[in-house]
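>>> Mind looking at a prediction? Sequence and model below.
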Amino acid sequence: MKTIERDFPLFPLGIVALPSEVVPLHIFEDRYKTFRLWEDPERVLAETTPCQQANGVDPSRARELVLKTFGPIAKAPAGGHAAS
């Protein structure tokens with residue numbers, strides 16, 4: 001089996017979370033921001049395929065999650081902001 005090694009940057013959350021506590025997660029990681037800027041779920045899937053395979057992620061489940069997360073994104077009008 002092929003081994004893939006990567007560095008995973010960690011960052012402090014600045015909170016104390018108990019095991020049973022539900023805490024909203026805000027993603028600030030640069031790679032996530034890059035994926036959002038691409039506005040292309042197929043490109044996100046292609047970029048993350050090696051990681052999916054290395055971690056035994058079901059491709060159909062990955063596609064479902066990527067489309068849910070990075071699917072249609074409202075485009076901001078020139079000089080304005082996208083609707084929330």
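Yep, it's here. Residues are numbered from 1 along each chain as shown.
>>> What residues sit buried inside the lowest-mean-pLDDT helix or strand in the chain?
Least confident helix or strand of the chain, by mean pLDDT, DSSP states H and E, is helix 30-38 with a mean of 82. Burial within helix 30-38, assessed by neighbour count using 16 or more other C-beta atoms under 10 Å, is assigned to Phe35. Glycine gets a C-beta too; all of them are placed from N, C-alpha and C.
>>> next structured bit after that helix?
As assigned by DSSP states H and E, the chain's next helix or strand after helix 30-38 is helix 41-54.
>>> okay, that next one in PDB with CA atoms only?
What follows is helix 41-54, C-alpha atoms only, in PDB (Å, rounded to 0.1, in the frame of the first residue of the first chain):
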ATOM      1  CA  PRO A  41     -16.800  21.400  -7.100                       C
ATOM      2  CA  GLU A  42     -15.200  19.100  -9.800                       C
ATOM      3  CA  ARG A  43     -11.800  20.800  -9.300                       C
ATOM      4  CA  VAL A  44     -12.100  20.400  -5.500                       C
ATOM      5  CA  LEU A  45     -12.900  16.700  -6.000                       C
ATOM      6  CA  ALA A  46      -9.900  16.300  -8.300                       C
ATOM      7  CA  GLU A  47      -7.600  18.100  -6.000                       C
ATOM      8  CA  THR A  48      -8.700  16.000  -2.900                       C
ATOM      9  CA  THR A  49      -8.800  12.600  -4.600                       C
ATOM     10  CA  PRO A  50      -5.400  11.400  -3.300                       C
ATOM     11  CA  CYS A  51      -6.300  12.300   0.300                       C
ATOM     12  CA  GLN A  52      -9.700  10.600  -0.100                       C
ATOM     13  CA  GLN A  53      -8.100   7.500  -1.400                       C
ATOM     14  CA  ALA A  54      -5.400   7.500   1.300                       C
END
